[in-house]
Every structure is written in structure tokens, then in C-alpha cells.
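Chemist: I would like the atomic coordinates for the input below:
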Amino acid sequence: MKKQPAIERHSTTGRLTVLSVSPLAEDYLSLQAIICHSTWTLFKARDLVSTLALLQQHEIAVLLCERYLLPGTWIDVLEHINALPNAPSLIVASRLADDRLWAEALNLGAWDVLAKPFDRTEVIRSVKSAWQHWHDQIHMRDTAVTRMVAAS
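Modeler: Next up, the predicted model:
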């Protein structure tokens, strides 16, 4: 894979940023309706290529991904984001959010699975906990680096 040219990323570490990845317009519209009164920032992508482009430009904390993309799946997205230094927490969304998907997603490293149509309370709970996990990971890493620098 070619190394991408350096692009200035917009840091939003203190803000809750969500990227909706779905070829279905109704997924983005539903999420937008749920978070419209919050201070969260919502981005949208339709596929893996547009997702990767947005991740190069913005610091995304939570990625809410439709199970099936065109082409690919949420697993393809997970494989790409795991290589990022501040990888977002991934939440899988599906109309068929059964125990099998939930077990597979958590075993592969996703944060959570949400059933569609989205339930406002569940989306807010899941996204907040995913953001907290992402934020804590960054804080722990930064603390470890500070300690290493101070020790040397």
C-alpha cells in the first residue's frame, strides 16, 4: 500500500466525534436526528475509501459502521482502523444484530453492536461509552510517554 501524503488532521480530542459509515442514507439521517441537540460532531462516509479519507483529515473517536458495505464489511473497516495511532472505537450496526454477530464483533475488537432501527437511548449509551474508552486509551498512552520521558 502506498504511503499517503501528509495531510493536516483536525484534532478534536476533547470533543465527541462520530463517523457514520453506511451506504444507507437513512442510517446517517437517523443518527443525525438522535444527536442533533448535542455538541457531538457527526461525519458520514458511504464506503471504506471515503472512511479512510475522513480518518486522515479528522480525529474520529467513534466509528458507527453498517455491517455490510458496498464493497466489503465492517471487518474491513476494523482492519484498517486498527493500524491508526488513535484508532476510533468501532460500533457495528445491523438490522440482524443477533448473538452471533455480537460475539464475532467483540471477539474481533469492535466496541459494541447496535440493532437497527436505532434506539436513541442505546445509541447515546453506546457512543458515550465508546468515546470514554477511546479517550481513556489516549490518556493512558500519553501518561506512559510522559513517564518514560521523565525517567530518561
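
Chemist: point to the residue nearest the middle of the protein.
Modeler: Nearest residue to the geometric centre of the chain (Cα atoms, centre = their mean): Leu63, 1.7 Å.

Chemist: list the contacts of it.
Modeler: Val18, Leu19, Val21, Thr51, Val77, Ile81, Pro88, Ser89, Leu90, Ile91 (Cβ atoms under 8 Å, 6 or more residues apart in numbering). Using the backbone N, CA and C atoms, a C-beta is placed for each residue, glycine as well.

Chemist: any idea how far Thr39 is from Thr17?
Modeler: 11 Å (Cβ to Cβ, to the nearest Å).

Chemist: meant to ask about Thr41, not that
Modeler: 5 Å.

Chemist: compare the two (neighbour count), which wins?
Modeler: The neighbour count for Thr41 versus Thr17, taken as other Cβ atoms under 10 Å, is higher for Thr17 (20 against 16).

Chemist: checking Phe43 next. Helix, strand or coil?
Modeler: Secondary structure, DSSP: H, G, I helix; E, B strand; the rest coil: Phe43 is strand.

Chemist: neighbours of the residue lying closest to it once chain neighbours are set aside, just the number please.
Modeler: Nearest non-adjacent residue to Phe43, counting by Cβ to Cβ, 6 or more residues apart in numbering: Leu19, 4.6 Å away. Using other Cβ under 10 Å, Leu19 has 24 neighbouring residues.

Chemist: and Leu19, what does it touch?
Modeler: By Cβ under 8 Å, 6+ apart, the contact set of Leu19 is 42-45, 51, 54-55, 58, 60, 62-64, 88.

Chemist: surely it forms part of a strand?
Modeler: Yes - counting by three-state DSSP, Leu19 is located in a strand.

Chemist: distance-wise, check it relative to Trp134.
Modeler: In terms of Cβ to Cβ, Leu19 sits 12 Å off from Trp134.

Chemist: which residues are in contact with each of the two?
Modeler: Common neighbours of Leu19 and Trp134 (Cβ under 8 Å, 6+ apart) are Val62, Pro88.

Chemist: could you pull out the strands in this protein for me?
Modeler: With DSSP state E as the criterion, the chain has strands at 17-21, 41-45, 62-66, 89-94, 112-115.

Chemist: all good on my end, thank you.
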